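S.K.: quick check, what structure comes out for this input:
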Amino acid sequence: MLPALIEACAAAGFRQMIGYIDPSNRPSLQLHEACGFRQVGLLQAVGCRFGRWTDSVLVQRPLGPGSDAPPQERRAAAERV
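M.R.: A predicted model of the protein is given here:
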């Protein structure tokens, strides 16, 4: 399902995808890495699970031109489609 979501977001013109994953969830981290996400941050003690504070790993994946195209050029290209 994640590849289909990535494709739909790119087709809709979104520029970036971000996700927040519990660092103990290795399968989810590996899935996101396999789909082109990279770890860009760690938010410490932002959640509570089973009575204890948990961290969140911040992951990000560019879509389409990502940050390679300035916003105005990207908008103009989208308007031509």
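S.K.: could you use CA atoms for every contact and neighbour count after this?
M.R.: Will do.
S.K.: just give the nearest non-adjacent residue to Gln16, would you?
M.R.: In space, and not counting its chain neighbours, Gln16 is closest to Pro62: 4.5 Å by C-alpha to C-alpha, 6 or more residues apart in numbering.
S.K.: quick check: that neighbour vs Leu2, distance?
M.R.: 14 Å (C-alpha to C-alpha, to the nearest Å).
S.K.: ranges for the helices of this protein?
M.R.: Under the criterion DSSP state H, the chain contains helices at 2-11, 26-34, 71-80.
S.K.: worst average pLDDT in those?
M.R.: Comparing mean pLDDT over the helices of the chain, the weakest stretch is helix 71-80, at a mean of 63.
S.K.: hang on, Trp53 packs against Gly47?
M.R.: Yes. With contact defined as C-alpha atoms under 8 Å, Trp53 and Gly47 form a contacting pair (5.6 Å).
S.K.: now the spatially most central residue of the chain: how far from Pro62?
M.R.: Nearest to the mean C-alpha position of the chain, by C-alpha atoms, centre = their mean, lies Ile18 at 2.4 Å. Distance of Ile18 to Pro62, given as C-alpha to C-alpha: 9 Å.
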